[in-house]
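Visitor: Here is my input; please provide its structure:
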Amino acid sequence: MIAFVDGILEEKQPMRVVLNAGGVGYEIFITLNTYEDLPVIGQRARVITYHHVREESELLYGFSRAEERQLFEQLLAVSGIGPATAIGILSGLPLVSLRAAIVAEDVKRLSSIKGVGKKTAERIIVELKDRISDLAIAADQTQTASGTGGKVLHDAVLALVALGYRNVDAYASVKRVISAAGDDVAVEDVVRRALTGLQQ
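Guide: Okay, here's the model as predicted:
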C-alpha cells in the first residue's frame, strides 16, 4: 500500500494534484482542505495517501493531515459512502466543523453538504459519533483559532455549495475575493462578492 507520496508538485487543482516522485507522476484526489495547505506548483510537497484498490481500478486519495485521512477512513466504514463521497464530505466542511456537527448530531448542517441527504447524515452520526473524541475536536478548534482566514474561506465555500454551486467553482470564486480583500473580511461579505463573480 502507498502510505504517502513525496515529490515535486506538477499539477494542482482544487480536487486533484499530480506529484512527481522519482520520475513517476502520481495522480492524487484531494480535499479542499488539503488543496489550501499545498505549496505552489514546482515546489516539493508531501501528501499522506489512502490507496484505494478495486478489481477494475487503483486510486490514490490524499490529505495534508493524518487526522483528515483518519476521518476519511471512518467515513468509508459508513454504509453507502464510497471514496468520492467521503472526499466530498471532507471538502464540504472544515475538519473541526465536520467533527463538531457529527458529535452535536447536527443533521441539518451535515445535509447541507452537496451529495449528503438526510438519511446519509443520520447514518454518519449514528456510526461515527462515539468514535470522534472531544479531545480531537478541541485540538482542531485551537488550530482553527490560529487560522481565521482559512475558516472564512471554508465557511464561505460551504455557503455557496449549499446554494447549489460546485465545490471547485465556489472555492475559486471565494479565493479570488479573499486574495483581493484580505483575511479580515467577514464571511457574509465574501459570499456576497463571490456570488457576484459566479453570476457574471
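Visitor: can you pull the pLDDT of the residue of the chain most remote from its centre?
Guide: Checked against the mean C-alpha position of the chain, the extreme residue using Cα atoms, centre = their mean is Gly23, at a distance of 27.8 Å. With respect to pLDDT, Gly23 scores 94.
Visitor: Which pLDDT value belongs to Gly149?
Guide: Per-residue pLDDT puts Gly149 at 60.
Visitor: And Ile48, by the same measure?
Guide: The score at Ile48 is 96. That number is its pLDDT.
Visitor: ok, then the element right after the helix or strand containing it?
Guide: Element membership of Ile48, judged by DSSP states H and E, is strand 44-54. Counting by DSSP H and E, the next helix or strand C-terminal to strand 44-54 is strand 57-63.
Visitor: Next secondary structure after that following strand?
Guide: That would be, after strand 57-63 and using DSSP H and E, helix 66-76.
Visitor: what inclination does that following helix have with respect to strand 57-63?
Guide: Computed with axes from the mean of the first three to the mean of the last three Cα atoms, to 10 degrees, the direction of helix 66-76 lies at 130 degrees from that of strand 57-63.
Visitor: by contact count, what packs against whichever helix or strand comes after helix 66-76?
Guide: Using DSSP H and E, the helix or strand that follows helix 66-76 in sequence is helix 83-92. When contacts are defined as 3 or more Cβ pairs under 8 Å, 6 or more residues apart in numbering; DSSP states H and E, helix 83-92 sits against strand 24-30, helix 32-37, strand 57-63, helix 66-76, helix 95-103, helix 167-181. Every C-beta, even on glycine, is put in place using the N, C-alpha and C of the backbone.
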